[in-house]
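A.B. asks: generate coordinates for the sequence data below:
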Amino acid sequence: MKQNIFVIMPFGSGDEYSGKVDEANFIFDEIIEPGVKKALGDNHTVLREVDKNKAGLITKSIVKHLAKADIVIADITGHNPNVFLELGMRYSLKNKITIVLAQEGTAIPFDIKGYRLIFYNYFKPKIARDAICSFIRSSIATKLESDSIVFDTFKKMSVIIPGILESRGDELSIKEPVMTWDEYMGKLQVVGNWLRPEVNEGRYVPDAVFGISNGGMIVADLIGKIIFAGKSTPILGLWAQRYTQEQDYFKNELNAALFNEIKKDKDKDKVFKILLVDDHLASGNTVIQAIDYIKSQLGEQTKIVFIPLVSKRRNYLKVIQEYLPFGYTENKKPLFNVSEEEFLKTIDTKANYFPYLMKQISESLEHISENS
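C.D. replies: Predicted structure coming up:
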């Protein structure tokens, strides 16, 4: 995969380099760019930040490059304030790869000597080129090692900007595979593809979409935006009060008040259709309680479709198969055009955590027993 390199350095119009612009160009042309090429061959692009001429001008484009670049090379010679600020942004956005350059004799105003710092002499460009090459190659080879003082301090830190970057501290990277936002949103899009034809053609019009707290409420909101935008279907939260001595998670005042309002306009013979969603199915206990509670409030004839975003415990799906998209029927016929195989493939994941709140995804019981 082609590596994107972004170079932040003084433009040469100030006092950072004694040779001004010519020296700045020499450092880039004869040290930085050939050092990168020696490490990566032609499998890279190098972009130099040259669109600023005065302190204080940092554009949105620069911030995006700091976030997206696979490698950032920063020359802090002359203590240019923009370079320092941009370097700080980079350290806060990406856990690697950031390489700091400084001409010999430059005072380092903060302690980054334990990180990738190269002192160079521009009269000896080959030595500097070789050092850049070595740092790049070793950084790529050491996949899990952080070179950001921020990520090294907060080892469970994560910064995720969907479609742009995903950076995680060493403890997360080493021990716990975390679901990417791309995977998360991809699963939502597949669920949307199951629902959209039936909803748009009027074959499936739920009276409400319920998300089980907490993660399911995120799923419900996003499905609402993907499928039900512009429609009258309400997106609601069903509060699972798990930390209680009560056996039923859903028998609480908040849910009771919500369903009292729903039942005010209920016709005696009305059969409600409810789309129930959650981010995760573990033992199935929560969803079974949710289904029982909804039916206790709206009637046993209530038609419920349940969609979990992920599950590693397929055996438990059999208990609720009639509520899942591939098992749900109306007039004794399947309603949704999704097979059991496709459904199981969609909800499968290798991740152990969701991309938010460090919420754990329960492993299958088979996996646990094999590794206990």
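
A.B. asks: the stretch 101-250 of the chain: strands as residue ranges?
C.D. replies: Chain-ordered strands for the stretch 101-250 of the chain, with DSSP state E, counting those that start in this stretch as the definition, fall at 117-120, 158-161, 165-168, 208-212, 235-238.

A.B. asks: from residue 48, how far off is residue 310?
C.D. replies: Going from residue 310 to residue 48 by CB to CB, to the nearest Å gives 43 Å. Every C-beta, even on glycine, is put in place using the N, C-alpha and C of the backbone.

A.B. asks: most packed of the strands of the stretch 101-250 of the chain?
C.D. replies: The highest mean neighbour count among those, using mean count of other CB atoms under 10 Å, belongs to strand 208-212: a mean of 24.

A.B. asks: note down every partner strand of it and its orientation.
C.D. replies: Strand 208-212 has its sheet partners listed here by DSSP bridges as strand 235-238 (parallel), strand 273-281 (parallel).

A.B. asks: give the next helix or strand downstream of the host helix or strand of residue 295.
C.D. replies: The secondary structure element spanning residue 295 is helix 285-298 (assigned by DSSP states H and E). With elements assigned by DSSP H and E, the helix or strand that comes after helix 285-298 is strand 303-311.

A.B. asks: what are the pairing partners of that next one, and which direction each?
C.D. replies: strand 273-281 (parallel).

A.B. asks: and the partner strand, how far from the chain's centre?
C.D. replies: Here strand 273-281 is found 22 Å from its chain centre; the criterion is CA atoms, centre = their mean, to the nearest Å.

A.B. asks: show the average pLDDT along it.
C.D. replies: Mean pLDDT, strand 273-281: 95.

A.B. asks: now stretch 180-195
C.D. replies: Taken as a whole, stretch 180-195 has an average pLDDT of 94.

A.B. asks: run through who's touching it.
C.D. replies: Taking CB atoms under 8 Å, 6 or more residues apart in numbering as the criterion, the residues outside stretch 180-195 that touch it are 160, 162-163, 166, 204, 219, 222-223, 226-227, 275, 307, 309-310, 325, 336-338, 346-347, 349, 351, 354-355.

A.B. asks: ok, now which ones touch residue 123?
C.D. replies: Contact criterion CB under 8 Å, 6+ apart gives no residues in contact with residue 123.

A.B. asks: just to revisit the earlier point, which one's more surrounded, residue 310 and residue 48?
C.D. replies: residue 310 (21 against 18; other CB atoms under 10 Å).

A.B. asks: and for residue 237, nearest residue in space, chain neighbours not counted?
C.D. replies: In this structure, residue 237 finds its nearest non-sequential neighbour in residue 217, 4.6 Å apart by CB to CB, 6 or more residues apart in numbering.

A.B. asks: could you verify my assumption that the one you found touches residue 224?
C.D. replies: No: between residue 217 and residue 224 no contact is recorded; they are 10.4 Å apart, counting by CB atoms under 8 Å.

A.B. asks: which one is residue 329 nearest to, not counting chain neighbours?
C.D. replies: Excluding the flanking residues, the one nearest residue 329 by CB to CB, 6+ apart is residue 335, at 6.5 Å.

A.B. asks: was I right about the one you found contacting residue 328?
C.D. replies: Yes: A contact is recorded between residue 335 and residue 328 when judged using CB under 8 Å, the distance being 5.7 Å.

A.B. asks: of those two, who's got more company?
C.D. replies: For residue 335 versus residue 328, the count of surrounding residues by other CB under 10 Å is larger for residue 328: 19 against 16.

A.B. asks: roughly how far apart are the closest residue to the more buried one other than its chain neighbours and residue 159?
C.D. replies: Nearest-residue entry for residue 328: residue 305, 5.2 Å, with adjacent residues in sequence omitted and distances by CB to CB, 6+ apart. Here the distance between residue 305 and residue 159 works out to 36 Å (CB to CB).

A.B. asks: sorry, back to before: just checking, what packs against the helix holding residue 295?
C.D. replies: The elements that helix 285-298 packs onto, with contact taken as 3 or more CB pairs under 8 Å, 6 or more residues apart in numbering; DSSP states H and E, are strand 208-212, strand 235-238, helix 253-264, strand 273-281, strand 303-311.

A.B. asks: okay, now residue 92: neighbour count?
C.D. replies: Quick note: residue 92 (other CB under 10 Å) scores 16 neighbours.

A.B. asks: now whatever helix or strand it lives in: buried residues?
C.D. replies: Per DSSP H and E, residue 92 falls inside helix 81-93. Of the residues in helix 81-93, those buried by neighbour count under the rule 16 or more other CB atoms under 10 Å are 82, 83, 86, 87, 89, 90, 91, 92, 93.

A.B. asks: remind me, longest helix of the chain?
C.D. replies: helix 181-200 (DSSP state H).

A.B. asks: now do that one against strand 303-311, angle only.
C.D. replies: Using axes from the mean of the first three to the mean of the last three CA atoms, to 10 degrees, the inter-axis angle of helix 181-200 relative to strand 303-311 is 160 degrees.

A.B. asks: mean pLDDT lowest where, among the helices and strands packed on helix 285-298?
C.D. replies: Of all those, helix 253-264 carries the lowest average pLDDT, namely a mean of 91.

A.B. asks: among the strands paired with strand 208-212, which is nearest residue 117?
C.D. replies: For the strands paired with strand 208-212, distance to residue 117 was read as CB to CB. The smallest value, 42.2 Å, belongs to strand 273-281.

A.B. asks: quick check: the residue nearest to residue 250 when sequence neighbours are not counted vs residue 206, distance?
C.D. replies: Nearest-residue entry for residue 250: residue 293, 3.9 Å, with adjacent residues in sequence omitted and distances by CB to CB, 6+ apart. Distance of residue 293 to residue 206, given as CB to CB: 17 Å.
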